[in-house]
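> sequence? don't have it. structure:
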């Protein structure tokens with residue numbers, strides 16, 4: 001059911017146009033990739049708008065704090081805000097990024113004033129939220145982790161044509177080599193430092209691995225409150241200042257799939273050391289374009305081998321960037337999405 005391409009094939013972005021209005025609905029606090037998706041749609045001729053799905057009033061924030069998601073009942077103020085943006089954009093396609101807790105009443109409410117019903121699509125960046133019944137309301141569902149296939153088939157049996165494997169991607173304009181003269185001989189992890197990740201990083205240090213980390217700490221509520229997310233400029237710099245970038249996938253957020261970091265580091269033309277997952281070989285050529293470990297005990301050995309062969313490390317990084325530019329930009333993903341949607345949304 002899921003097939004993006006095999007690493008040996010070349011996939012070019014076609015010049016097919018998509019001259020329709022598109023509205024992206026996303027919680028931009030976490031779905032920071034919404035502007036990248038919007039930019040890619042506009043490259044294909046679409047007029048794209050973003051509706052930020054975020055609480056504004058105190059009672060909305062309190063509900064989200066207690067339940068873990070926004071109150072999207074049809075009579076809530078948030079629905080009116082979204083409906084206003086829907087009416088303004090008059091979209092033929094409404095794309096939801098990582099949606100949750102939405103019902104058929106929600107979709108009817110936000111499209112109440114449209115003269116023609118929009119096509120509804122969802123794109124999931126992780127596999128935690130695909131089992132709720134509201135997912136049946138989408139005309140098309142795109143998922144970035146192959147492990148989602150089973151849960152999707154349970155809630156939408158017999159609808160394989162409306163569900164498609166669509167991996168994550170990178171904005172190649174935002175993440176690109178900046179011409180660093182030299183890299184520090186250390187491994188860096190750049191991302192959210194959870195308690196489990198901190199244990200792993202400290203364990204690697206005890207094994208003699210020169211690893212450092214940067215990013216918001218979520219080990220307790222106080223550090224989480226004080227910490228700030230790393231912006232793309234900071235990430236681009238960190239990805240290139242050090243010899244190796246370490247990837248620590250988070251379960252159950254990622255089971256089989258690749259996270260954004262893998263594509264971002266490759267686009268910056270640096271060496272990525274990532275854990276092997278089933279989807280990896282669908283997107284890259286392991287050991288030729290990425291360095292892979294299957295167990296934590298392998299990390300010190302892999303790092304030492306890279307340290308003594310810097311030319312090989314640079315060759316791997318160059319191949320990874322070539323792979324990303326040829327297959328894994330948002331333009332490639334939106335082209336795939338347009339083809340899956342067919343002419344109905346055009």
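Received, thanks. Please read these numbers as outputs of a predicted model, since none were measured by experiment.
> Only C-alpha atoms from now on, for both contacts and neighbour counts.
OK.
> mind checking the backbone torsions on residue 121?
phi -140, psi 150 (degrees, to the nearest 10).
> Tell me who's in contact with it.
93-96, 138-142 (C-alpha atoms under 8 Å, 6 or more residues apart in numbering).
> Of those, grab the buried ones for ChimeraX.
Applied in ChimeraX, the following selects the buried portion of the contacts of residue 121 according to 16 or more other C-alpha atoms under 10 Å:
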select :93,94,95,96,138,140,141,142
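> Put together TSV for the contacts of residue 121, with pLDDT on each row.
Formatted as TSV, those follow (pLDDT from 0 to 100):
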residue	pLDDT
93	97
94	97
95	97
96	96
138	93
139	94
140	96
141	94
142	96
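> List just the nearest of the contacts of residue 121 to residue 284.
residue 142 (20.0 Å; C-alpha to C-alpha).
> that's a helix at the closest one, yeah?
No - using DSSP: H, G, I helix; E, B strand; the rest coil, the assignment for residue 142 is strand, not a helix.
> Please give me every residue in contact with residue 136.
So residue 136 contacts 155-156 (C-alpha under 8 Å, 6+ apart).
> Would you check how far apart it and residue 92 are?
19 Å (C-alpha to C-alpha, to the nearest Å).
> try residue 312
48 Å.
> Neighbour count for the two, which is higher?
Between residue 312 and residue 92, counting by other C-alpha atoms under 10 Å, residue 92 is the more crowded of the two (20 against 14).
> Model confidence score at residue 9, please.
We have a pLDDT of 48 for residue 9.
> would TSV of the contacts of residue 121 with distance to residue 73 be doable?
Listed next are the contacts of residue 121 as TSV, based on distance: C-alpha to C-alpha, whole Å:
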residue	distance to residue 73
93	22
94	19
95	19
96	17
138	17
139	21
140	23
141	22
142	25
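> ok, the contacts of residue 121 vs residue 218, which is closest?
Looking across the contacts of residue 121 and measuring by C-alpha to C-alpha, the closest to residue 218 is residue 96, at 26.6 Å.
> quick one: the closest one and residue 28 touch, right?
No - applying C-alpha atoms under 8 Å as the test, residue 96 and residue 28 come out as separate, 11.3 Å apart.
> buried stuff in the lengthiest helix in the chain?
If you go by DSSP state H, the chain has its longest helix at helix 310-327. Applying a neighbour-count criterion of 16+ other C-alpha under 10 Å, one finds 313-314, 316-325, 327 buried in helix 310-327.
> Look up the closest residue to residue 139, ignoring the ones flanking it.
Take residue 139 and drop its neighbours on the chain: the residue closest to it by C-alpha to C-alpha, 6 or more residues apart in numbering is residue 120, 5.3 Å away.
> Also residue 261?
residue 247 (7.1 Å).
> Touching, that neighbour and residue 272? I think so.
Yes - look at residue 247 against residue 272 with C-alpha under 8 Å: they come within range, at 7.1 Å.
> Compare those two (neighbour count), which wins?
residue 272 (28 against 20).
> picking that back up, just the buried residues of helix 310-327 now: which is nearest residue 165?
Among the buried residues of helix 310-327, and counting by C-alpha to C-alpha, the member closest to residue 165 is residue 327, at 14.5 Å.
> Least confident secondary structure element in this protein?
helix 221-226 (a mean of 57; mean pLDDT, DSSP states H and E).
> if we look at the following helix or strand past it, which residues are touching it?
Next helix or strand after helix 221-226 toward the C-terminus (DSSP states H and E): helix 232-241. Contact with helix 232-241 is made by 174-178, 180, 182-184, 188, 190, 245, 265, 268-270, as judged by C-alpha under 8 Å, 6+ apart.
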